[in-house]
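Undergrad: This is a predicted model, with the sequence first.
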Amino acid sequence: MNRKYRKTVIAANWKMNKTPSETKAFFTEFKNQMPKGRWCDIVVCVPAVDIPAAVRALRDTRVGVGAENCNANASGAYTGEIAVNMLVDAGCKYVIIGHSERRAMGETDADVNAKIHAALGANLIPIVCVGESLEQREAGITDEWITMQIKAALAGVAVEKIKKIVVAYEPIWAIGTGKTATPDQAEQVCQMIRTVIRKMYGAAIARGVSILYGGSMNEKNAEELLAQPDIDGGLIGGASLVSEKFVKIIEAANQPIA
Ligand code: PEP
């Protein structure tokens, strides 16, 4: 983390978990446990049907609500899809874009780029996910792959918009597997992502972009990961479904930095 230049962001990705009633119950518990420190931004990205319950429950807090996906089109014949203006109207401030689980369902780099443009156009903060597979890591092409994903995702994004984007480095082999990247592995890629952004937008912009790590981050390993200079927070799946664990991760991000 480097709070001098950028925000620390702790974001939950609930994936396809919790009903609206369970969402309400979760936030009743979470609000009782939530740390009072104000050092990090807290975001919860929830299934679309849970957005109203999350927005209602978090109305008086500083926790931002996000969606897990969006459609790049403004409106029309896209059965089952949700446009960015609908998310904004429902109370969302964030949207996850390009999660590897959605890429595995067929989402392309071009789709990711179009969704980022749509989100930024609606004033939603995109949490843009990139990450390599185990095969790519073992083949030694992690840096090339992530560089390509970042360049494709940010194509055509104007310099004044880039400050709104949050990037999440999520090695696919670490998501939901219990296998966390070591702090060194995660830092190396997050630092490399910042270098790519620096080459695209300049040093001052790159210094201000929050880059999160995601992949089996939990209440036990969060502090060590967040101590890395280029890891500005976490995108958390499994551990964000249990209020106590999520709160402990927020507390790890709330530690004063020496
Ligand atoms: C995720 O879904 O983005 C994620 C990182 O999941 P988990 O924390 O469960 O690995």
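TA: All right, it came through fine.
Undergrad: Mind telling me which residue of the stretch 1-150 of the chain is nearest the ligand?
TA: Asn13 (4.3 Å; C-beta to the nearest ligand atom). In short, each C-beta sits where N, CA and C put it, glycine included.
Undergrad: Surely that residue is in contact with His99?
TA: Yes - Asn13 is within contact range of His99, at 7.1 Å (criterion: C-beta atoms under 8 Å).
Undergrad: ok, and the residue sitting furthest away from the middle of the chain, which helix or strand is that part of?
TA: Distance to the chain centre peaks in the chain at Ala77, reaching 28.4 Å (criterion: C-alpha atoms, centre = their mean). Counting by DSSP states H and E, no helix or strand carries Ala77.
Undergrad: Distance of it relative to Glu107?
TA: 19 Å (C-beta to C-beta, to the nearest Å).
Undergrad: was I right about Val189 contacting Glu144?
TA: No - using C-beta under 8 Å, Val189 makes no contact with Glu144, being 11.8 Å away.
Undergrad: And the two? Which one has more around it.
TA: Taking other C-beta atoms under 10 Å, Val189 and Glu144 do not tie; Val189 has more neighbours (24 against 12).
Undergrad: give me the element that one is part of.
TA: When elements are assigned from DSSP H and E, Val189 belongs to helix 183-201.
Undergrad: Please name every helix or strand in contact with that helix.
TA: Secondary-structure packing of helix 183-201 (3 or more C-beta pairs under 8 Å, 6 or more residues apart in numbering; DSSP states H and E): helix 142-154, helix 159-162, strand 166-169, helix 203-208, strand 211-214, helix 222-226.
Undergrad: one step back: need phi/psi at the residue of the stretch 1-150 of the chain closest to the ligand.
TA: With angles defined as degrees, to the nearest 10, Asn13 shows backbone torsions of phi -120, psi 100.
Undergrad: Poorly predicted segments of this protein, please.
TA: 257-258 (pLDDT under 70).
Undergrad: Give me the nearest residue to whatever residue of the chain ends up closest to the ligand, chain neighbours excluded.
TA: Closest residue of the chain to the ligand, C-beta to the nearest ligand atom: Gly237 (2.2 Å). Spatial nearest neighbour of Gly237, chain neighbours left out: Asn13 (5.0 Å); criterion: C-beta to C-beta, 6 or more residues apart in numbering.
Undergrad: and that neighbour, bridged to which residues?
TA: Beta-bridge partners for Asn13, by DSSP bridges, are Cys45.
Undergrad: Enumerate every residue touching it.
TA: Residues near Asn13 by C-beta atoms under 8 Å, 6 or more residues apart in numbering: Cys45, Glu68, Ile96, His99, Gly214, Leu235, Ile236, Gly237, Ser240.
Undergrad: so how many other residues sit close to the last one?
TA: Other residues within reach of Ser240 by the criterion other C-beta under 10 Å amount to 28.
Undergrad: For the spatially closest residue to it that is not a sequence neighbour, grab the count of nearby residues.
TA: Leaving aside its sequence neighbours, Ser240 sits nearest to Ala12 (C-beta to C-beta, 6+ apart; 3.3 Å). Ala12 is flanked by 25 other residues according to other C-beta under 10 Å.
Undergrad: Could you tell me which residues make contact with Ala12?
TA: Val43, Val44, Cys45, Val46, Ile236, Gly237, Ser240, Leu241, Phe246.
Undergrad: ok, now Glu29?
TA: Counting by C-beta under 8 Å, 6+ apart, Glu29 has contacts Ser243.
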